[in-house]
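Trainee: Structure for this input, please:
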Amino acid sequence: MAFSDDDLLPISALQHLVYCPRQCALIHVERLWAENQFTAEGRVLHERAHENKTRKQGSQRIARGVLLRSLELGLFGQADIVEFHPAPSGDQAFPVEYKRGRPKSHDADRIQLCAQALCLEEMIGREVPAGALFYGKTRRRVDVLFDSALRGRTLDAIRQLRQLIDHRQTPPARYDKARCGRCSLRRQCMPEVLEGSESATRYLSRSIAAILHEGPADDW
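Mentor: Predicted coordinates for the structure are as follows:
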């Protein structure tokens, strides 16, 4: 099955999904967004990575801000950098994604990068076996091999994302101190208050409706 351009989902949503399905739904279903220190630093890092579109570095060609699309997977997005390394059979694509923080224990960054590689493979018709994550805090790259296990987890995440978006249901809040403490949507999500509730938007709508229905105390 091939998707149309209107049905494509952003690759970045996979990172949100793996980090927190509720965060993903708040952003991509309920259309909520807020910025904090972490998202602002990440945005600036990406903007810098996209400067100077294409250049040569030794025998490598480096393309920045590369637009990606896969009609087979139903994804679109942008790679921070795609390096093209010389190889006997032709230049080998090597995507590099910039992240503001440090390497993480979960798969969110690796799955996002692998999805970029899958899109590149469809676009250029060649296998993309590896890429790298560059972390701003450590100023180091972490190489990522797109093996069968990571590709499988990435395809599973793509299916889960499609299901979440198609069903348009926000998962219940689940408070996690470390994860929620870094989330820019914490005030909108209200995990400490709404744990077990499905939708922040519906909660706010009910609260506003109740206020309008009751009116000021002097009306009674």
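Trainee: which residues touch the nearest residue to residue 18 once chain neighbours are set aside?
Mentor: Spatial nearest neighbour of residue 18, excluding adjacent residues (Cβ to Cβ, 6 or more residues apart in numbering): residue 108 at 3.9 Å. For the C-beta atoms, the positions are set from N, CA and C on the backbone; glycine is no exception. Applying Cβ atoms under 8 Å, 6 or more residues apart in numbering, we find residue 108 in contact with 14-16, 18-19.
Trainee: Neighbour-wise, give me the winner out of the residues you listed.
Mentor: residue 14 (26 neighbours; other Cβ atoms under 10 Å).
Trainee: pLDDT value on it, please?
Mentor: The per-residue pLDDT reported for residue 14 equals 97.
Trainee: List the contacts of it.
Mentor: Taking Cβ under 8 Å, 6+ apart, one finds 108, 111-112, 115, 154, 157-158, 161 in contact with residue 14.
Trainee: Now render the contacts of residue 108 as JSON lines, adding secondary structure.
Mentor: Shown next, in JSON lines, are those (DSSP: H, G, I helix; E, B strand; the rest coil):
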{"residue": "14", "secondary structure": "helix"}
{"residue": "15", "secondary structure": "helix"}
{"residue": "16", "secondary structure": "helix"}
{"residue": "18", "secondary structure": "helix"}
{"residue": "19", "secondary structure": "helix"}
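Trainee: can you put those residues in JSON lines and add distance to residue 91?
Mentor: Shown next, in JSON lines, are the contacts of residue 108 (distance: Cβ to Cβ, whole Å):
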{"residue": "14", "distance to residue 91": "26"}
{"residue": "15", "distance to residue 91": "27"}
{"residue": "16", "distance to residue 91": "32"}
{"residue": "18", "distance to residue 91": "30"}
{"residue": "19", "distance to residue 91": "33"}
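Trainee: Out of the contacts of residue 14, which sit inside helices?
Mentor: 108, 111-112, 115, 154, 157-158, 161 (DSSP state H).
Trainee: Residue 146: which of the residues you listed is nearest?
Mentor: Comparing the ones in helices among the contacts of residue 14 against residue 146 with Cβ to Cβ picks out residue 154 as the nearest, at 8.3 Å.
Trainee: can you pull the pLDDT of the closest one?
Mentor: For residue 154, pLDDT reads 98.
Trainee: do residue 49 as well
Mentor: In this prediction residue 49 is given a pLDDT of 54.
Trainee: List just the nearest of the contacts of residue 14 to residue 172.
Mentor: Among the contacts of residue 14, and counting by Cβ to Cβ, the member closest to residue 172 is residue 161, at 17.8 Å.
Trainee: burial measure for the residue nearest to the closest one when sequence neighbours are not counted, as a count.
Mentor: Sequence neighbours aside, residue 17 is the residue nearest to residue 161 in space, at 5.1 Å (criterion: Cβ to Cβ, 6+ apart). Residue 17 has 25 neighbours, counted by other Cβ under 10 Å.
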